[in-house]
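A.B. asks: Sequence plus predicted model, see below.
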Amino acid sequence: MSIKYAILGLLHYKDMHGYRIKAHIERNFGNMWSINYGQIYPNLKKMEEEGLVTKKDIPQEGAPDRKLYALTKEGREAFTEWLFSPPERGMLIRDQFLLRFIFFGFGDKKASLGLIDEQIENYKIQYEERKKNVVRWEDYDIYVRLVAELGLNFNEMVLDWLYHARREIKKSIEDDLAKAAGQLGR
């Protein structure tokens, strides 16, 4: 996902400052996408130079002016053009745990169960948060609600897979132990 278009999309809802944009992305898109200030402010500056957004300085007492960004007509047009253009590529899942999981065969199976258990706990917590999001966005835009439902369904699928993987690996450990015991009994 392009940061530029995510920001332009958010500015359709209302004018926002960089901190609010980052907070909104982390809170609502955090499971799909991560972002930092080093990405937001250079993009806002570039979009201002391109005439896609305007910046208004809002004075604050005892603090630097807050920069409030608003969408321009050109920004709406650029966003609409991007919105209905073909997507760049399919879904990309970058997950540190899955990368490790692929290589668990080179390590201790019991230790892998511990890491899977940690993932199960993490996904259970995320699942509860996503359930709240679905309720929170029930009356929202249909597309936002549907993406929230996708997140919930995706979370359920990963949890099911983690439980399945745990059962399979645990059985594999038990089979290895039974096999070793059988060899000792000969």
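C.D. replies: On my side now, so go ahead.
A.B. asks: How many neighbouring residues does E156 have?
C.D. replies: 13 (other CB atoms under 10 Å). Where you see a C-beta, it was placed from the backbone N, CA and C, and this is true even at glycine.
A.B. asks: quick one: contacts for it?
C.D. replies: Y127 (CB atoms under 8 Å, 6 or more residues apart in numbering).
A.B. asks: which SS class is it?
C.D. replies: Following DSSP: H, G, I helix; E, B strand; the rest coil, the label given to E156 is helix.
A.B. asks: mind exporting the lowest-mean-pLDDT helix or strand in the chain as CSV, just the C-alpha atoms?
C.D. replies: The weakest-scoring helix or strand in the chain, judged by mean pLDDT, DSSP states H and E, is helix 18-29 (a mean of 84). Extracted C-alpha coordinates of helix 18-29, given in CSV (Å, rounded to 0.1, in the frame of the first residue of the first chain):
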residue,chain,number,x,y,z
GLY,A,18,0.6,14.2,10.9
TYR,A,19,0.3,12.7,14.4
ARG,A,20,-3.4,12.1,13.9
ILE,A,21,-2.7,10.4,10.5
LYS,A,22,-0.1,8.1,12.1
ALA,A,23,-2.3,7.3,15.1
HIS,A,24,-5.2,6.5,12.8
ILE,A,25,-3.2,4.2,10.6
GLU,A,26,-1.7,2.4,13.6
ARG,A,27,-5.0,2.0,15.3
ASN,A,28,-7.0,0.9,12.3
PHE,A,29,-4.6,-0.5,9.7
